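Novice: Let me see the structure of the following:
(one chain, ligands or ions: 1)
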Amino acid sequence: MTDTGAGRRPDPASGPAALPDEAALAEAGLRLEIDGAVATVTLDRPERRNAMTLATWRGLAALGRSLPRGVRVVVLRGAGPSFSAGIDLALFSGGGEGFPDASDGDAADRFIAELQEGFTWLRRPDVVTVAAVQGHAIGAGFQLALACDIRVLADDARFCMKEPALGLVPDLTGTKPLVDLVGVHRALELCLTARTVLAGEAARLGLAETVVPREELDTAVADLVTALLAVHPGAAVATKRLLLEAPGNTLEEQCAAERREQIGRLRELFG
Ligand code: ACO
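Specialist: Below you'll find the model as predicted:
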């Protein structure tokens, strides 16, 4: 498999790859706007409720590889009434044609890993990622929201992990954040019933940082972005790195990580 570098900071020596052009993004059902330190990625097939294809996930991975260095915040949003209806169900109509040959385990593993790269880069410490979710976020759509650092929900938002109902497992990096956020037992209940979680319950379960009236979603996200950009850039990167490490660390390891990051900060601030 090609090492695309998604999920981690691009190689500082070579810099980011070239951004995909507008036509390639449109083909993938995506739109990109960069305004200074803020990149907004819009899932842009509202007539299909932003259903995602393999091209969408590859397009997201390409965006991760090519994000300009100055970008500090990435907002993921969906055009139209819903964030995303998940995988494009047309993929299922060809008798598995778009899917890898599962009899070749290694090739299938590489195939899925490449798609997962569209999601993993959203955890990179050099950006803070925000999902702005209205309407349905189903299956892969829910997993995309889970891949982001912060979820801002409109009050009409609805999450559903539909994969098990379709004979699949959630494999687009969603099971880890889901379990981290709600615990194994609630995650099990949500996935194995494939039930819909409304915005209020999502907030209670820790699946949303904020819930606002639908018409206030854009303003709430803009206010959040302003607040995120007001924090010292280097401290933001170091703090995200530190916080992401915390769940896997013992207290001792985390104290050591705090010392390491703070020494880096002190060096930068005071030489
Ligand atoms: N794939 C392809 N097309 C879709 C999808 C999808 N996942 N979801 C919706 N569409 C299409 C519909 O077929 C419809 O097309 P049409 O206008 O040609 O009839 C159009 O988008 C609008 O859909 P509606 O159902 O009319 O929209 P509504 O807002 O009433 O409902 C909802 C939205 C709830 C998302 C519904 O469309 C739905 O349940 N979609 C399927 C969701 C699903 O099962 N996704 C797979 C999850 S598993 C995974 O992601 C791995």
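
Novice: max-length helix in this protein?
Specialist: helix 251-270 (DSSP state H).

Novice: residues making contact with it?
Specialist: 234-235, 238-239, 241-242, 245-246, 249 (CB atoms under 8 Å, 6 or more residues apart in numbering). Any C-beta I mention is one placed from the backbone N, CA and C, and that applies to glycine too.

Novice: same thing but at 7 Å, please
Specialist: Residues from elsewhere that reach helix 251-270 (CB atoms under 7 Å, 6 or more residues apart in numbering): 234-235, 238, 241-242, 245-246, 249.

Novice: Could you do stretch 187-197 as well?
Specialist: Contacts of stretch 187-197 (CB under 7 Å, 6+ apart): 158-162, 164-165, 170, 178-179, 205, 207.

Novice: out of those, which are buried?
Specialist: The neighbour count (16 or more other CB atoms under 10 Å) marks 158-162, 170, 178, 205, 207 as buried among those.

Novice: So which of those is the closest to the ligand?
Specialist: Lys162 (3.8 Å; CB to the nearest ligand atom).

Novice: What is the burial count for the nearest residue to the closest one once chain neighbours are set aside?
Specialist: With sequence-adjacent residues excluded and distances taken as CB to CB, 6 or more residues apart in numbering, Lys162 is closest to Gly139, at 4.3 Å. For Gly139, the count of nearby residues is 28 (other CB atoms under 10 Å).

Novice: and if you look at the one 4 residues further on?
Specialist: Using other CB under 10 Å, Gln143 has 27 other residues around it.

Novice: what helix or strand is it on?
Specialist: helix 140-147 (DSSP states H and E).

Novice: Show me what the next helix or strand along the chain from that helix packs onto, helices and strands only.
Specialist: Reading on from helix 140-147 to the C-terminus, the next helix or strand found by DSSP H and E is strand 150-154. When contacts are defined as 3 or more CB pairs under 7 Å, 6 or more residues apart in numbering; DSSP states H and E, strand 150-154 packs onto strand 128-133, helix 199-205, strand 210-212, helix 217-230.

Novice: ok, the first one: who's next to it in the sheet?
Specialist: If I follow you right, that is strand 128-133. strand 73-78 (parallel), strand 150-154 (parallel) (DSSP bridges).

Novice: do the same with the shortest one
Specialist: Partner strands and pairing direction for strand 210-212 (DSSP bridges) are strand 150-154 (parallel).

Novice: Enumerate the residues of the chain near the ligand.
Specialist: Proximity of the chain to the ligand (CB under 6 Å from any ligand atom) is limited to residues 48-49, 51, 81-82, 85-90, 136, 138-140, 162-163, 166, 168.

Novice: Show me which of those residues are buried.
Specialist: Buried among those by 16+ other CB under 10 Å: 48-49, 51, 82, 85-88, 136, 138-140, 162-163.

Novice: Turn those residues into a markdown table, including secondary structure.
Specialist: Below are these laid out as a markdown table (DSSP: H, G, I helix; E, B strand; the rest coil):
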| residue | secondary structure |
| --- | --- |
| Arg48 | helix |
| Arg49 | coil |
| Ala51 | coil |
| Ser82 | coil |
| Ala85 | coil |
| Gly86 | coil |
| Ile87 | strand |
| Asp88 | coil |
| His136 | strand |
| Ile138 | strand |
| Gly139 | coil |
| Ala140 | helix |
| Lys162 | coil |
| Glu163 | helix |
